[in-house]
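**Q** Pasting the sequence and the predicted model now:
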Amino acid sequence: MQDTIVSTRYWHRLEDGRLQCDLCPRHCHLREGQRGLCYVRQRLDDEIKLVSYGRSSGFCVDPIEKKPLNHYFPGSSVLSFGTAGCNLACKFCQNWDMSKSREMDTLADAASPHKLARVAAELSCLSVAFTYNDPVIFHEYAIDVAAACRENDINTVAVTAGYIDPEPRIEFFAAMDAANVDLKAFTDRFYHKVCGGHLSPVLETLEYIKHETSCWLELTTLLIPGENDSDEELQQMTNWVVEKLGPDVPMHFTAFHPDWKMLDIKSTPLATLTRARNIALENGVNYAYTGNVHDNKGSSTWCHSCGELLIERDWYVLGHWGLDAQAGCANCGEPLPGHFLDKPGQFGAQRIPVYLNRYSGE
């Protein structure tokens, strides 16, 4: 197994002797021994190092729809994992036990990139997903895993907030086959107040992925009552998506439940998600979904041209398959953007924990 501490490239020295991390827009300024807000990038031996390389907070085989990705090999399985730490400070974080962890003991499992790729292949997973916390903070490890996966014909998926600087962004998304980016809101007020960040770098990342890479892109917005769910904000967001990214980028509107530091806000009602989906569709988004709720209509894929049902979903279980052999609508022939197998996968709603120490070799 490789060392869990590795050198990084995205930093520079300031006039006062501190080192500035240039991985994400936070630009943490570090003295010897100090860690960035993400907690896994630390100044050691007069350079900034990643101290969590090859270590994970756990592995699990999930349905790809759970990421959520609805246009990326529907019904297939994905080997999911994350690490400790995060470079945002979202008060509503629903994986806070991992993303907000300051204990390296959280990283119980270890695996080299080649072992991860080999185990994914042995488990018949079509993809490996970097999820639970943001993979941009373990940039070097994620890219090495992606390279090993490509050698084994395994796809890689980034579930990310897109909070990354322009130079490392190029290398990161060149390594990814698909990404679900969490567009947390459409106001800088929300990003600053609730997440400790800013909106504009995320929008820049979205435009970069869509127009400068071959990485398949879907968006997710967790709607929090009274915070980011107004008609005005949803109108602005969905209009921006159509204008800047195009109408075929799928949007997922998902339900908030009280967690972490926002326990006083009620769960998002289905009516709010349906309203957001309808606004998106009215503004020209061709594929809008509801999530974290049981809503067959809102979670299924419909032909934007003729209105026929293309992919029926009951939570993560697929039903009716209305695609032809060319991944177009079987009724009118309209192509469905995305990546699809000849027939739907049948992984369903399973969730299978994986213990990598049971697999031999590195």
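**A** Structure received.
**Q** Tell me how many other residues crowd residue 214.
**A** When neighbours are defined as other C-beta atoms under 10 Å, residue 214 has 10 of them. To be clear about C-beta, it is placed using only N, CA and C from the backbone, and glycine gets the same treatment.
**Q** Look at it and report its pLDDT.
**A** We have a pLDDT of 98 for residue 214.
**Q** which other residues reach the strand ranked longest in the chain?
**A** With secondary structure taken from DSSP state E, the chain has its longest strand at strand 216-223. With contacts defined as C-beta atoms under 8 Å, 6 or more residues apart in numbering, strand 216-223 is touched by 68-72, 92, 94, 177-185, 206, 209-210, 228-229, 237, 241, 245, 249-256, 268, 272-273, 276, 291, 338-339.
**Q** Cross those against helices and list the overlap.
**A** Those of those mapping onto helices are 206, 209-210, 237, 272-273, 276, per DSSP state H.
**Q** Neighbour count and pLDDT added to these, as TSV?
**A** Shown next, in TSV, are those (neighbours: other C-beta atoms under 10 Å; pLDDT from 0 to 100):
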residue	neighbour count	pLDDT
206	21	98
209	25	98
210	18	98
237	24	98
272	20	98
273	27	98
276	27	98
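**Q** Restricting to C-alpha, output the longest strand of the chain in CSV.
**A** As requested, the backbone C-alpha atoms of strand 216-223 are provided in CSV (Å, rounded to 0.1, in the frame of the first residue of the first chain):
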residue,chain,number,x,y,z
TRP,A,216,-21.2,13.7,-18.6
LEU,A,217,-22.8,16.3,-16.4
GLU,A,218,-25.9,16.3,-14.2
LEU,A,219,-26.9,18.8,-11.5
THR,A,220,-28.5,18.5,-8.0
THR,A,221,-30.0,21.1,-5.8
LEU,A,222,-31.1,20.2,-2.3
LEU,A,223,-34.1,22.5,-1.7
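**Q** in this protein, which residue is closest to the centre?
**A** Nearest to the mean C-alpha position of the chain, counting by C-alpha atoms, centre = their mean, stands residue 159 at 1.3 Å.
**Q** wait, what's in contact with the nearest residue to residue 160 once chain neighbours are set aside?
**A** Counting by C-beta to C-beta, 6 or more residues apart in numbering, residue 134 is the residue found nearest to residue 160 once chain neighbours are left out, at 5.3 Å. Applying C-beta under 8 Å, 6+ apart, we find residue 134 in contact with 86-88, 99, 159-161, 163.
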